[in-house]
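In: sequence unknown, structure follows:
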């Protein structure tokens, strides 16, 4: 089987994205599990190689390279030590680059890299995307209306509500809501939404190649409400939703107290947990292993993984950023790329 081709948009040039995307290529295991292809402005990549003294040689991938540039089933792509592939997204004025600050030009460059990655994935030239961090304020300064990667890729691929999954080692966490206030998130805990998202979680786990699995639903209130003593969301929405999913034949459990269900899942009692709001799941994942917490965007025509940290403007340009999360995002994309593609093609 051909190695999965993983497109890696380098993120915001003013942050640590280009640095960690290139540093990740120094891990020899990357080239043996997939074909990594960086996506972004050539000048930004060249500057990062020089500035951070990264011992790699950049090779630009061109359209005329042909369909087998990334290998074929009969002739697998063989990594060349010290070589990194790049899809150039166009000119970037390096004289205007200032590390650690919000810049419209950097936001625009980050957007173009994601747009190119999505286009390549939609036509099947790359199998999955592993994204470096972007900056929401820089996107806004560039006139981009999307608030982040998930919304951007959803619009580009025509999917209005992609599903987010965190994977930290073998702990998997889905999210009922994402970037909304806690007040609004509580209002979105309805039977109908939990059933709909629960079904999406089940479909997603099948897309990742899991044939049998157990999904736990986290409670919203302390002790999962104690049968109405600490709020009625469990009794009014979560319990009926779990019953509906169980009646459909799914192995769904809950609602379970949020202070213990993530730990139980990390021990293997459940294969995934549906978190009800942003921080409920984020805190659990990042406490488990911050650097190896990887975000997956599912429901798209292609798989997308991402580091779950920001542009780190405080250390940008200093050459001290760790590439562990970027490496893990590439590994997770490579692990699931082929099984995911089979279910959506």
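Out: Happy to help now that I have it. Computed from a predicted structure; not experimentally measured.
In: rest of the way, CA atoms for contacts and neighbours
Out: OK.
In: so residue 341 touches residue 125, yeah?
Out: No: applying Cα atoms under 8 Å as the test, residue 341 and residue 125 come out as separate, 12.0 Å apart.
In: Roughly how far does residue 224 sit from residue 218?
Out: Using Cα to Cα, to the nearest Å, residue 224 is found at 8 Å from residue 218.
In: Mutual contacts of the two, please.
Out: Listed as contacting both residue 224 and residue 218 by Cα atoms under 8 Å, 6 or more residues apart in numbering are 255, 256, 257, 258.
In: Sort out for me which of those residues are in strands.
Out: When DSSP state E defines the strands, the subset of these inside them is 255, 256.
In: which one of the shared contacts of residue 224 and residue 218 has the most neighbours?
Out: Ranked by neighbour count (other Cα atoms under 10 Å), the shared contacts of residue 224 and residue 218 have residue 255 at the top, with 25 neighbours.
In: show me the contacts for that residue.
Out: With contacts defined as Cα under 8 Å, 6+ apart, residue 255 is in contact with 216, 217, 218, 219, 224, 234, 238, 239, 242.
In: Filter the residues you listed down to the ones in strands?
Out: Among the contacts of residue 255, the ones falling in strands (DSSP E) are 216, 217, 218.
In: just for the stretch 1-150 of the chain, where's the confidence low?
Out: Applying pLDDT under 70 to the stretch 1-150 of the chain flags residues 1, 63-69, 71-77.
In: what about 50?
Out: Applying pLDDT under 50 to the stretch 1-150 of the chain flags no residue at all.
In: Show me the helices in it, by range?
Out: Taking DSSP state H, counting those that start in this stretch as the test, the helices found in the stretch 1-150 of the chain are 17-23, 28-33, 42-51, 104-122, 136-141, 149-157.
In: which one of those has the most crowded surroundings?
Out: helix 17-23 (a mean of 27; mean count of other Cα atoms under 10 Å).
In: thinking again about what came up before, overlap of the contact sets of residue 341 and residue 125?
Out: In terms of Cα under 8 Å, 6+ apart, residue 341 and residue 125 are not both contacted by any residue.
In: before we move on, back to that, in TSV: the helices of the stretch 1-150 of the chain, plus distance to residue 312.
Out: Putting the helices of the stretch 1-150 of the chain into TSV (distance: least, Cα to Cα, whole Å) gives the following:
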stretch	distance to residue 312
helix 17-23	9
helix 28-33	24
helix 42-51	16
helix 104-122	14
helix 136-141	13
helix 149-157	17
